[in-house]
Structures are given as C-alpha cells and as structure tokens.
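J.: take a look and give me a structure for this.
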Amino acid sequence: METLEKRHRWVTDEPTIPFPLRILYQDDAIVAVDKPHFLPTTPRGMWYRSTALMRLREMFHNDQITPAHRLDRATAGVVLFVSRPELRGAYQMLFQHHQVRKSYECIAPARPVQRPRFGTVQPLDVPSAFPLKRMSRITKHRGILQAFESSGTANSTTIIELSDNQDAVLAANEHLLSTRGEVAAHQLYRVYSLRPLTGKTHQLRVHMNSIGLPIEGDDLYPSIRMHANADGTAAPDDFAHPLQLVARSLEFIDPISNELRRFESEIPLEIRDETTFSAIPAPKSVRQARRE
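T.: Numbers count the residues shown, from 1 in each chain. Predicted coordinates:
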C-alpha cells in the first residue's frame, strides 16, 4: 500500500465514480466482486481511491488484497481478488494458464458479420453465422488508447454467439421498428455471448468491431469519442452511456479447496435512446438465491 500511495500521491483532484462495488463472495482466501462500469480495477493515472482494489482494502482493512486478474475500466462484471499474499500465485496462475472459464455479454448491432481485414472467422455451426470463432493478432502499445490487429500469427481467440436472452434489446428494437419502419432494419440490436479463450487488452471490443459489430457505448472502437461536461470542459466519462459489455461469469476449480467456484454478475445490459430503456434480468441462479 505504501508503494501505491507514493506512486499516486500527485492525484489531488480524483474524479468520483458514483457506483457501488458489490461483494459477490468472500472467505479467508478470496473476494469476488461485481465491478461497476467506469471503476478501474487498480490505481492508474487519475484514479486511486476510486478503484476496486482500494475500495476493498478500505472495506476489509486489509492492505494485502491484490487482484488475481484485471478487467478494463469501461467493462463491468465479475473480478476476483486474493486476500492473502501466500495464495496470490495459486489464483493468478489459474488465469495465466487459461484454467478459468470466462463468459461475457454485450449489446451490438444486429447485422451480418463482415469479413475482417486481419485474422480469421470460422463458423462453428454451418450454415448458421453463429456461433463463430474469431482469431487474430492484437497489439496494444503503452500510451496509445486503441489496440489494433495486424498480420501474423494469431494471439487472441474469442467464441462469439447469440445470447439465449434478448430481453435487453426488445423494447429498443420495437421502438425503432414502430417509428422508423424499414429504415430500422439496419439499426436493430442483439445481445451476444462472448467467451474469450485468451486475454489480450481490449480483445472483445476489437474482435466485435473487426467483424462489423462494434459494442454499444464503446468510445474507442471503431473511433475515439471524447466526452465533455455541461460547461464544455473535458470529461473522462459519460455515465449515462456505459459500454454495454459485462463480464457475466467466472468459473474455475479452486486451487486451495478443490471446489468448483462460479460467480455471476448481476449488472444489467441496457440500451437507451430518447424514449426507451430496458435491462436484461440477472441470471436465473442469482434470482433464485435472492428469493432464498
């Protein structure tokens, strides 16, 4: 903690992230949280106290808590932290060795898949377009906002399919069809399920954008969008329009207890315009737990 404080001591005017960090599970070894959109996983740049890590350390009075992995600031959903230093390696190695099953959900356009400039798209249930396997080489340079694809051996793989639950986009699609008619046919939305088999920075956002299906609310892909306050000054975020990408679940065999662990996010996907709002319900298992 001392090192983090020294490194970020220059932060004097830190933007507030007005969303709660919910605890999904906690024991002597780990803490699983439901990270909201916009909240960084760890201190970086202008954020220090408004990070998942520092909130947890203050909440549990434990400066030894560390993340087992990271989630992009713009992405919401499940993140796993380790409470004891001697256990960090065991949990972090699960992610490094791809022994964690991750599933994401996102909202993106309901359009045919485009052929990407680089990499491959492999339909897995021909003649259906989905599910498909997207593979490419992704590079992210430090200090540059966007990652990019290039020729060469693929270092990233994502399974993309249509979600079984399209509730999050029904109201918006119905509104578009009723007000814009045939024009709306090219403006509709779908909920997609994503399963990354690798963990490159911005992988899901890059892969979806590269096949012509950029994720709703993405301010980096296909192009960078800047935000402004009411007075015209630059703003780091647009809280009204979060990236519609949620890390829905993590599943793994606990390296300490040897138990099967599964954690699910309750953060909804939502699509907004001037007159519509809808949200995808929490997973069925979560709703059952609430009733119990």
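J.: quick check, Cys106 in contact with Met208.
T.: Yes - Cys106 is within contact range of Met208, at 6.8 Å (criterion: Cβ atoms under 8 Å). Backbone N, C-alpha and C define where each C-beta goes, glycine included.
J.: of the two, who's got more company?
T.: When neighbours are counted by other Cβ atoms under 10 Å, Cys106 comes out ahead of the other of Cys106 and Met208, with 28 against 23.
J.: got a list of contacts for whichever helix or strand that one is part of?
T.: Taking DSSP states H and E as the criterion, Cys106 maps to strand 101-109. Judged by Cβ atoms under 8 Å, 6 or more residues apart in numbering, the contacts made with strand 101-109 from elsewhere in the structure are 75, 77, 163, 168-169, 187-196, 204, 208, 212-217, 244-252, 269-271, 280.
J.: and those residues, which are buried?
T.: 75, 77, 163, 168-169, 189-196, 204, 208, 213-217, 244-250, 252, 269-271, 280 (16 or more other Cβ atoms under 10 Å).
J.: which ones among those residues map onto helices?
T.: Ala168, Val169, Leu204, Met208 (DSSP state H).
J.: which one of those sits closest to Ser151?
T.: Among these, Met208 lies closest to Ser151 (Cβ to Cβ), at 20.0 Å.
J.: let me know the pLDDT of that closest one.
T.: The model reports Met208 with a pLDDT of 98.
J.: and it, what does it touch?
T.: Neighbouring residues of Met208 by Cβ under 8 Å, 6+ apart: Cys106, Ala108, Ile160, Tyr192, Leu194, Pro214, Ile215, Tyr221.
J.: show me the residues you listed that map onto strands.
T.: Among those, the subset assigned to strands under DSSP state E consists of Cys106, Ala108, Ile160, Tyr192, Leu194.
J.: of the residues you listed, closest to Phe95?
T.: Distances from Phe95 to these, taken as Cβ to Cβ, are shortest for Leu194 (16.7 Å).
J.: so that closest one makes contact with Ile159?
T.: Yes - here Leu194 reaches Ile159: they are 7.2 Å apart, a contact under Cβ under 8 Å.
J.: pretty sure Val121 sits in a strand.
T.: Yes - remark: Val121 belongs to a strand, assigned using DSSP: H, G, I helix; E, B strand; the rest coil.
J.: show me the beta-bridge partners of it.
T.: Arg134 (DSSP bridges).
J.: is it true that it touches Ser136?
T.: No - here Val121 does not reach Ser136: they are 9.3 Å apart, not a contact under Cβ under 8 Å.
J.: higher neighbour count, those two?
T.: Ser136 (26 against 18).
J.: can you pull the pLDDT of Ile224?
T.: As summarised for this prediction, Ile224 has a pLDDT of 92.
J.: let me see the mean pLDDT of stretch 135-152.
T.: Predicted confidence along stretch 135-152 averages 96 (mean pLDDT).
J.: tell me which residues in stretch 99-110 are buried?
T.: Val100, Lys102, Ser103, Tyr104, Glu105, Cys106, Ile107, Ala108, Pro109, Ala110.
J.: dead centre of the protein: give me the residue that sits there.
T.: Taking Cα atoms, centre = their mean as the criterion, Thr75 is the residue nearest the geometric centre of the chain, at 3.2 Å.
J.: which residues touch the nearest residue to that residue once chain neighbours are set aside?
T.: What sits nearest to Thr75 in space, not counting adjacent residues and going by Cβ to Cβ, 6 or more residues apart in numbering, is Leu245, at 4.9 Å. Shown here is Leu245, whose contacts under the criterion Cβ under 8 Å, 6+ apart are Ala74, Thr75, Ala76, Tyr104, Glu105, Cys106, Leu204, Arg205, Ile215, Asp218.
J.: export these as CSV, with columns for distance to Ala29.
T.: Formatted as CSV, the entries for the contacts of Leu245 read as follows, by distance: Cβ to Cβ, whole Å:
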residue, distance to Ala29
Ala74, 29
Thr75, 25
Ala76, 24
Tyr104, 25
Glu105, 28
Cys106, 31
Leu204, 28
Arg205, 31
Ile215, 33
Asp218, 35
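J.: which one of the ones in helices among the buried ones among the contacts of strand 101-109 is nearest to Thr51?
T.: Out of those, the one with the shortest distance to Thr51 is Leu204. That distance is 21.4 Å, counting by Cβ to Cβ.
J.: quick check, pLDDT for the closest one.
T.: Per-residue confidence for Leu204 comes out at a pLDDT of 98.
J.: thought it was touching Leu194?
T.: Yes - taking Cβ under 8 Å as the definition, Leu204 is a contact partner of Leu194 at 5.2 Å.
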